[in-house]
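Undergrad: Generate a structure from the sequence data that follows.
(chains A, B, C, D and E)
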Amino acid sequence: MHLGRVKGTVVATVKSPGLEGIRFLVVQPLDRARKENGEAVVCADATLQAGVGELVYFVGGREAAVALPQEFVPVDHSVVGIVDQVEDL
Amino acid sequence: MHLGRVKGTVVATVKSPGLEGIRFLVVQPLDRARKENGEAVVCADATLQAGVGELVYFVGGREAAVALPQEFVPVDHSVVGIVDQVEDL
Amino acid sequence: MHLGRVKGTVVATVKSPGLEGIRFLVVQPLDRARKENGEAVVCADATLQAGVGELVYFVGGREAAVALPQEFVPVDHSVVGIVDQVEDL
Amino acid sequence: MHLGRVKGTVVATVKSPGLEGIRFLVVQPLDRARKENGEAVVCADATLQAGVGELVYFVGGREAAVALPQEFVPVDHSVVGIVDQVEDL
Amino acid sequence: MHLGRVKGTVVATVKSPGLEGIRFLVVQPLDRARKENGEAVVCADATLQAGVGELVYFVGGREAAVALPQEFVPVDHSVVGIVDQVEDL
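TA: Okay, the predicted model is just below:
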């Protein structure tokens, strides 16, 4: 998983079957110092209702679809936790 | 998923079994400022009929094949949404 | 697998179903000279109880979930070994 | 999928079970301008018989094995199309 | 698959279930000119018994576990061939 900050949302009318009703967020990956690092990704958010500005962690690859109610959908990034705190020494 | 812009199409006569009849698009990944970022990928487009110049988002990896009618095909990038709008704060 | 050093822990109350009770660690990837290399990732640690400061190796992708007691969870990085020694010539 | 140019072949006597009789090609990824870009990968070529110098596209990850007659083999890159033409605007 | 050179071994006592008895190698990826390129990875070697200094190719991702006798193990890189010769034009 990677840490990221929710930056916005993506609106699409024409989508692949199975993606209806899923929120898609623009998430900016962060480094350990909470600086922006690398390119933003579009993450599905099926259950967390993460808001813009929140610190989250997200999964990539096949696991991303496991976070959705219906697993056989073409999704490769999902938000899976809203971060309360990182203890980084 | 990543944001990208459709740039063109790829024509191939000799293909792996299962890829007949699928459109393949050249898609240029974009950063949050809509600038080209990273190398273009070849994406399958099974159902969206995305046109050249359109803003899309695409999936990579195993999920890409899930976007196709027939799932057991060797495809690792698929266009899954045509973007109407990105709200990025 | 990649070598890394455990740097801290991530606390999240709102999580995807299936992630309750799993420890999440901040792990810094290392190069062969044990220097920090690339960005830290958030790894699940289901069974090793790796402590902050320990040298570990971790897996990414689908395999990460295989390291957990319950496999169908949205996890893409897991710590799978605590390193005693690396013989690197 | 990515565009690439076949550069050569790899000969290996000691291989994992399931890889006997499969051709392995050195494929150099190309950017949209057909310039070499990134590091060469070793791709399986089960059915296309792509020759040295040909322009191809290849898949990475789990999908690569789907291109082979026998799917449960440890292969993560496969050539899946010989490119006739790219229309890139 | 990628070309690499075996550089050493990793010793770990505390490991995820399923990893007992598997050799883990430090493998340095190489470019086409056989120069070191990118960061070393830790690869499982279930059946090849590749020695330090040997030129190999390895798979990453889900396929890596397919190279092992027992497939449901958290392994994401495996050595799958010992290279005799590369014909690269």
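Undergrad: List phi and psi for the residue in chain A positioned nearest to chain E.
TA: Nearest to chain E, among the residues of chain A, is residue A:62, at 7.8 Å (Cβ to the nearest Cβ). Where you see a C-beta, it was placed from the backbone N, CA and C, and this is true even at glycine. Reported as degrees, to the nearest 10, the phi and psi values for residue A:62 are phi -50, psi -30.
Undergrad: Can you read off the pLDDT for it?
TA: Note on residue A:62: pLDDT of 76.
Undergrad: That one is in contact with residue B:63, isn't it?
TA: Yes. Counting by Cβ atoms under 8 Å, residue B:63 is a contact partner of residue A:62 at 6.7 Å.
Undergrad: Find residues that contact each of these two.
TA: Residues touching both residue A:62 and residue B:63 comprise residue A:76, with contact defined as Cβ atoms under 8 Å, 6 or more residues apart in numbering or on different chains.
Undergrad: so which strand or helix has residue A:56?
TA: According to DSSP states H and E, residue A:56 maps onto strand A:55-60.
Undergrad: Now do the spatially closest residue to residue A:49 that is not a sequence neighbour against residue B:84, distance only.
TA: Spatial nearest neighbour of residue A:49, chain neighbours left out: residue A:23 (7.8 Å); criterion: Cβ to Cβ, 6 or more residues apart in numbering or on different chains. As for residue A:23, its distance to residue B:84 is 14 Å (criterion: Cβ to Cβ, to the nearest Å).
Undergrad: Then residue A:14?
TA: Using Cβ to Cβ, residue A:14 is found at 8 Å from residue B:84.
Undergrad: the more surrounded of these two?
TA: residue A:14 (16 against 11; other Cβ atoms under 10 Å in any protein chain shown).
Undergrad: Could I have the CA atoms of the helix or strand of chain A with the lowest mean pLDDT written out in PDB?
TA: The weakest-scoring helix or strand in chain A, judged by mean pLDDT, DSSP states H and E, is helix A:63-66 (a mean of 84). Output of helix A:63-66 as PDB, limited to C-alpha atoms (Å, rounded to 0.1, in the frame of the first residue of the first chain):
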ATOM      1  CA  GLU A  63      -6.100  -6.500  -4.800                       C
ATOM      2  CA  ALA A  64      -7.800  -3.200  -5.700                       C
ATOM      3  CA  ALA A  65     -10.800  -5.100  -7.000                       C
ATOM      4  CA  VAL A  66     -11.000  -7.100  -3.800                       C
END
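Undergrad: Run the chain-centre distance for it.
TA: Centroid separation for helix A:63-66 versus its chain: 11 Å, with Cα atoms, centre = their mean, to the nearest Å.
Undergrad: looking only at pLDDT, what's the mean for the longest strand along chain A?
TA: Longest strand in chain A, counting residues (DSSP state E): strand A:2-15. Averaging pLDDT along strand A:2-15 yields 95.
Undergrad: What strands line up against the helix or strand just after that strand, and which way round?
TA: Downstream of strand A:2-15, the next assigned helix or strand under DSSP H and E is strand A:23-29. Within its sheet, strand A:23-29 is paired with strand A:2-15 (antiparallel), strand A:41-45 (antiparallel), according to DSSP bridges.
Undergrad: Show me which residues of the last one are buried.
TA: Judged by neighbour count using 16 or more other Cβ atoms under 10 Å in any protein chain shown, the buried positions of strand A:41-45 are A:41-45.
Undergrad: Kindly export it (C-alpha atoms) in CSV.
TA: Output of strand A:41-45 as CSV, limited to C-alpha atoms (Å, rounded to 0.1, in the frame of the first residue of the first chain):
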residue,chain,number,x,y,z
VAL,A,41,-3.6,7.8,-9.7
VAL,A,42,-7.3,7.3,-10.0
CYS,A,43,-8.6,5.2,-7.1
ALA,A,44,-11.9,3.5,-6.6
ASP,A,45,-13.5,4.2,-3.2
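Undergrad: And the pLDDT for residue A:34?
TA: Confidence at residue A:34, expressed as pLDDT, is 92.
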